[in-house]
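J.: sequence first, then the predicted structure, then my questions.
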Amino acid sequence: MRREPGRKPAVLLADSVEKGVDDEATLSALKKPMRLDHYRCTTLLSHGKYQLIQTDAVAGAPDEAREVVRWKLKDQVEFPVDTAAIDLLPIPSDGRTPQVFAAISPESAIAPLVQAFQAARVPLAAIDLPEMSQRNLATLFAEEGRGQATLIFDEDEGLLTFTRDGELLVVRHVELTARQLMTADGDRRGMLFERIALDVQRSLDNFDRMYSAIPLAHLLVAPIPGVDGFLAHLRANLTISVVPLDVSRVLDLGAVPALLDPLRQFQCLRAIGAALRDEPAAA
């Protein structure tokens, strides 16, 4: 991904290969043909490898606040917090008690990932979360001053996020996968559509109660290839405008025309969002 002021972000490279026996083997196979040592690489933690917990913010320097929150969360996670990786993401307060999202992941999840990149000699700039990837995508479609709801299903679950001006406000999970929707027959698929619409409408209502001063522009939904009628069902059953998530509207895909294919774009959404991660410029 290349980002330049005044231009659409440009996707320079998007490819995939069959996964190797482990992460090190996969990265080693990719390193030379994709020249990974020439890029700033970001990877995403997968479902079940971390927890994102909303909690009260703690005053003080960032390092001190992280340590205080670490021990506050010790009874909310099932792994040792003393060796866990943790980071805090402030939530815009809008006059309420300051809150943060605490992202916490056990050493048993982080260490093997870092070691795989080191063994393959691929530089790892950041380990990020699907929620942040989705926030990055939503920001490309945002309308100034208005909130944005975004719904994406992948191989792990459905993720509904609410953002405004590039800030993550609310996260909701839908316990269904894209594969379940793809393989369901007509009657079963209809029932799943109903369940999703009900979950989303409840979340929309809750957001309106929590953030009544933030109007939502629309619900951005990633179409699921082969799942016909999904967006139409949401449009008929929700009280908000439903808009398909099509990155060709907001990204320059000239170098990777394969991403114009809906299936290929759907497969790459999380990676695209991760590549949109904003890094501070070097001093």
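T.: Received the coordinates, thanks.

J.: residue 149: neighbour count?
T.: Neighbourhood size, residue 149 [other Cβ atoms under 10 Å]: 26. To be clear about C-beta, it is placed using only N, CA and C from the backbone, and glycine gets the same treatment.

J.: that one - that's part of a strand, no?
T.: Yes. Counting by DSSP: H, G, I helix; E, B strand; the rest coil, residue 149 is part of a strand.

J.: please renumber the chain so that the first residue is 58 from this point on.
T.: Shifting the count to begin at 58 puts that one at residue 206.

J.: that one is in contact with residue 276, isn't it?
T.: Yes. Between residue 206 and residue 276 there is a contact under Cβ atoms under 8 Å: 4.5 Å.

J.: name the residues contacting each of the two.
T.: 261, 297 (Cβ atoms under 8 Å, 6 or more residues apart in numbering).

J.: which parts of this protein are strands?
T.: Using DSSP state E, the strands of the chain run over residues 98-101, 108-113, 142-148, 156-162, 181-185, 204-210, 215-221, 224-231, 273-278, 299-301.

J.: can you redo these as a markdown table with mean pLDDT?
T.: Listed next are the strands of the chain as a markdown table, based on pLDDT from 0 to 100:
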| stretch | mean pLDDT |
| --- | --- |
| strand 98-101 | 94 |
| strand 108-113 | 96 |
| strand 142-148 | 96 |
| strand 156-162 | 97 |
| strand 181-185 | 95 |
| strand 204-210 | 97 |
| strand 215-221 | 97 |
| strand 224-231 | 96 |
| strand 273-278 | 97 |
| strand 299-301 | 97 |
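
J.: give me the outermost residue of the protein relative to its centroid.
T.: Largest separation from the mean C-alpha position in the chain: residue 244, at 30.0 Å (Cα atoms, centre = their mean).

J.: show the end-to-end separation of stretch 313-320, please.
T.: 14 Å (Cα to Cα, to the nearest Å).

J.: and the contacts of it?
T.: Under Cβ under 8 Å, 6+ apart, the answer for stretch 313-320 is 68, 69, 70, 71, 280, 282, 304, 305, 310, 321, 322, 325.

J.: what is the nearest of these to residue 181?
T.: residue 70 (17.1 Å; Cβ to Cβ).

J.: residues in contact with the closest one?
T.: 91, 312, 313.

J.: could you check how many residues crowd around the first one?
T.: By that I understand residue 91. Counted with other Cβ under 10 Å, residue 91 comes out at 15.

J.: how much space between it and residue 67?
T.: For residue 91, the distance to residue 67 equals 17 Å [Cβ to Cβ, to the nearest Å].

J.: got it, and the last one?
T.: Taking Cβ to Cβ as the measure, residue 313 and residue 67 are separated by 9 Å.

J.: got the contact list for residue 311?
T.: residue 67.

J.: cool, residue 110 as well?
T.: Per Cβ under 8 Å, 6+ apart, neighbours of residue 110: 130, 133, 134, 158, 159, 161.

J.: can you tell me which of these is nearest residue 120?
T.: Among those, and counting by Cβ to Cβ, the member closest to residue 120 is residue 159, at 14.1 Å.

J.: for residue 217, which residues are in contact?
T.: With Cβ under 8 Å, 6+ apart, residue 217 has these contacts: 206, 207, 208, 228, 229, 230, 231, 256, 257, 260.

J.: now the residues you listed: which count as buried?
T.: 206, 207, 208, 228, 229, 231, 256, 257, 260 (16 or more other Cβ atoms under 10 Å).

J.: let me have those in TSV, extended by distance to residue 125.
T.: As requested, these are arranged in TSV below (distance: Cβ to Cβ, whole Å):
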residue	distance to residue 125
206	32
207	31
208	34
228	22
229	27
231	32
256	34
257	35
260	30
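
J.: where does the chain have low pLDDT?
T.: 336-340 (pLDDT under 70).

J.: please enumerate the helices of it.
T.: Under the criterion DSSP state H, the chain contains helices at 80-91, 119-129, 164-177, 187-197, 235-240, 243-267, 287-294, 319-332.

J.: can I get the ones you listed in a markdown table with distance to residue 106?
T.: Below are the helices of the chain laid out as a markdown table (distance: least, Cβ to Cβ, whole Å):
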| stretch | distance to residue 106 |
| --- | --- |
| helix 80-91 | 12 |
| helix 119-129 | 17 |
| helix 164-177 | 4 |
| helix 187-197 | 10 |
| helix 235-240 | 19 |
| helix 243-267 | 23 |
| helix 287-294 | 28 |
| helix 319-332 | 14 |
